[in-house]
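Peer 1: I need the structure of the sequence given here:
(2 chains)
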Amino acid sequence: MKNEWPLWEIFIRGQHGMSHRHVGSLHAPDAEMAIKNARDVYTRRNEGVSIWVVEANHIAASSPSDKGPLYEPSESKVYRHPTFFDIPDEVGAM
Amino acid sequence: MYAQMIKSEATQDDPEKLAAFQARIDAGEKIEPKDWMPEGYRKTLIRQIGQHAHSEIVGQLPEGNWITRAPTLERKAILLAKVQDEAGHGLYLYCAAETLGVSRDEITEMLLDGRMKYSSIFNYPTLNWADIGAVGWLVDGAAIMNQVPLQRTSFGPYSRAMIRICKEESFHQRQGYDAIRKMAEGTPEQKKMAQDALNRLWYPSLMMFGPSDKDSVHSAQSMAWKIKMNTNDELRQKFVDQTVPQAEYLGLTVPDPDLKWNEERGHYDYTDPDWSEFFDVIKGNGPCNVDRLAARNKAWDDGKWVRDGLLAHARKKAARKHAAE
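Peer 2: Numbers count the residues shown, from 1 in each chain, chains lettered A, B, ... in the order given. Sure, this is the predicted structure:
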């Protein structure tokens, strides 16, 4: 059996009120050690108040070749943005 | 530069795909791990990022050598934090290399059996405390020169690792300059030690940028791919221009009798290092090559039971949890 520690993706909440953000990855034998290692590798200068770890092979990702079908449809839907609509000045802020 | 003499790999890919790839790079787009990339780009990057990572890890050895003998508790805590940063920098870079399809164990083993290199600078010894100051000032100073432009490199994970590293690296250079300044402003004996450290580490630091441009035949492809942002001589000149006034402030003399300001060029003229020494160190004949590799091999071998034990424990725990469900 291959004896390399699995790869974990690390997510850190930088400050209270912010969402967790991907910061990098590291190897660890289990989740508990991954959190301990993440603390040493990614928060040496107060970069975080909370850590999530996810084993890398549990992450499903979209493929670069799907870029067109996935994201192009939204390009033509300019009416999704508030600036699409003209509101008369007399109406005031909206 | 932490990556020296990286030979760009030849690429035999579909010319149309190659052109589209180059266009993305020229447009300033970042290449991400799952994107199509030429085999040569992938292989060259694995070698370059790998060598950079190995340099961070091996670079802990000359400095770690002085942690227990730092002159004060404060200097000891600072050096400890700095060496811990180097371990972190190595890890960021290994992770970036791994996104290109090489495993951590593979890349580690390539260092341990000599198939991959680390920067020539770490094959020089740190003989006394002044050397620790000089290493931070000169070696980290030279590394920053190279790493700042690499933040804009075309490969996303490499660029992100460089951004993180650069944020932390300036502490390294400043603590080094602060340590050597203390000695340069100290007793005559201390000042002599500071001068001696500069004398020994000046040329090895200049060598960090790699051979002179006229002998560096592999740059063009790497520069087109934006995995090398400046030529070796450009960066070396920048380093000399930045460092000479810093030495002057300390009252230390750069060990180059021909060093002088060239008003016309707007740069210092300086003497190139002895390139035969550089190639000799790269080949394995530097003062510490054997020690460095032996220390890394010992750490890897001695750590095996820990790596295996922790993994066995994790598997057992997972199996138990599975059985209970």
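Peer 1: how about the strands of the chain, start to end?
Peer 2: Looking at chain A here, since you left the chain open. A:7-13, A:20-27, A:50-55 (DSSP state E).
Peer 1: oops, chain B please
Peer 2: Residue ranges of the strands in chain B, as given by DSSP E, are B:260-262, B:267-269.
Peer 1: residue ranges with poor pLDDT in chain A?
Peer 2: Along chain A, the model assigns pLDDT under 70 to residues A:1.
Peer 1: ok, the spatially closest residue to A:Ile10 that is not a sequence neighbour to A:Trp52 distance?
Peer 2: Of all residues not flanking A:Ile10 in the chain, A:Ala38 sits nearest, at 4.6 Å (C-beta to C-beta, 6 or more residues apart in numbering or on different chains). Any C-beta I mention is one placed from the backbone N, CA and C, and that applies to glycine too. Separation of A:Ala38 from A:Trp52 (C-beta to C-beta, to the nearest Å): 9 Å.
Peer 1: and the nearest residue to B:Pro287 once chain neighbours are set aside, how many neighbours?
Peer 2: Of all residues beyond its chain neighbours, the one nearest B:Pro287 is B:Pro125 (5.6 Å), with distances taken as C-beta to C-beta, 6+ apart. In terms of burial, B:Pro125 registers 15 neighbours under the definition other C-beta atoms under 10 Å in any protein chain shown.
Peer 1: Show me what the helix ranked longest in chain A is packed up against.
Peer 2: Among the elements of chain A assigned as helix by DSSP state H, the one spanning the most residues is helix A:31-42. With contacts defined as 3 or more C-beta pairs under 8 Å, 6 or more residues apart in numbering or on different chains; DSSP states H and E, the secondary structure elements packing on helix A:31-42 are strand A:7-13, strand A:20-27, strand A:50-55, helix B:73-98.
Peer 1: now the second one, how far from the chain's geometric center?
Peer 2: When C-alpha coordinates are averaged (C-alpha atoms, centre = their mean, to the nearest Å), strand A:20-27 and its chain have centres 9 Å apart.
Peer 1: If you count contacts, what does that strand end up packed against?
Peer 2: Taking 3+ C-beta pairs under 8 Å, 6+ apart as the contact definition, the neighbouring helices and strands of strand A:20-27 are strand A:7-13, helix A:31-42, helix B:73-98, helix B:156-184.
Peer 1: Does anything pack onto the longest one? Which helices or strands?
Peer 2: Contacts of helix B:156-184 with other secondary structure elements, assessed using 3+ C-beta pairs under 8 Å, 6+ apart, are made with strand A:20-27, helix B:39-58, helix B:73-98, helix B:129-134, helix B:140-150, helix B:188-207, helix B:232-250.
Peer 1: cool, the shortest one as well?
Peer 2: The criterion is 3+ C-beta pairs under 8 Å, 6+ apart, and the helices and strands that strand A:7-13 contacts are strand A:20-27, helix A:31-42, strand A:50-55.
Peer 1: could these go into a markdown table alongside mean neighbour count?
Peer 2: Putting those into a markdown table (neighbours: other C-beta atoms under 10 Å in any protein chain shown) gives the following:
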| stretch | mean neighbour count |
| --- | --- |
| strand A:20-27 | 19 |
| helix A:31-42 | 18 |
| strand A:50-55 | 16 |
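Peer 1: Thanks again, I'm all set now.
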